[in-house]
Each structure stands twice: as C-alpha cells, then as structure tokens.
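Q: build me a model:
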Amino acid sequence: TQWGVFVNDTLVAETSETFPRRETINLPFKVPVGSQKLKIDLRWKSITSDAIGTGYQGNPSTPLEIYGAEIWTRNVYR
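A: Residues are numbered from 1 along each chain as shown. Got it, this is the predicted structure:
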C-alpha cells in the first residue's frame, strides 16, 4: 500500500510501499498558498498479487482496514 497527499489534485507527498500490518504513518508536507481555496486529499493505492497460482498454501488475502486518518494544518505568515 502507498499513501499520498494531494493538494488541488497535485501530489505533494507520498510514502514508500508499506506492508499489511498495524502501522502509523506520519507524512509531513509543506505547500505555499495564497488566499485561494484548496482541496487537500489523502489517497492510497493497494497492490495485490495472485498468490494462489504460485503453490501458496493458505489464504493470501489481507483486508485493508483504515481506522482513522486526519490532516492538520496551520497558517504561517511571513
């Protein structure tokens, strides 16, 4: 799974691949803005494979469960 922060549909920060386990991810980013409106999104993509066809014994599926996500911002004036 990879996570990314998008501002007005432009990627501004991303993680490397993370593997299925309980994990906390901090993804800092900095974007200079004026007085216009912004749309900030947190998006993810999950990459899966077909382990059943490789002789794997067991259940290869791992559900992606998201218990919480938040974005916090602050104004900094120069």
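
Q: tell me where the protein has strands.
A: Using DSSP state E, the strands of the chain run over 2-7, 10-14, 40-45.

Q: Trp72 is nearest to which of these?
A: strand 40-45 (10.4 Å; CB to CB). (Glycine included, C-beta is placed from N, CA and C.)

Q: quick one: the closest one to strand 2-7, angle?
A: 160 degrees (axes from the mean of the first three to the mean of the last three CA atoms, to 10 degrees).

Q: in its sheet, which strands sit next to strand 40-45, and in what direction?
A: strand 2-7 (antiparallel) (DSSP bridges).

Q: give me the neighbour count for Glu23.
A: 9 (other CB atoms under 10 Å).

Q: related to what we said a few turns ago, need the winner for burial among the strands of the chain.
A: The highest average neighbour count among the strands of the chain, using mean count of other CB atoms under 10 Å, belongs to strand 2-7 at a mean of 16.

Q: show the contacting residues for the residue nearest to Phe29 when sequence neighbours are not counted.
A: Excluding the flanking residues, the one nearest Phe29 by CB to CB, 6 or more residues apart in numbering is Ala13, at 3.7 Å. Ala13 sits next to Gly4, Val5, Leu27, Pro28, Phe29 when contact means CB atoms under 8 Å, 6 or more residues apart in numbering.

Q: any chance of those residues in a markdown table with distance to Tyr67 as columns?
A: Converted to a markdown table, the contacts of Ala13 look like this (distance: CB to CB, whole Å):
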| residue | distance to Tyr67 |
| --- | --- |
| Gly4 | 19 |
| Val5 | 19 |
| Leu27 | 16 |
| Pro28 | 21 |
| Phe29 | 22 |
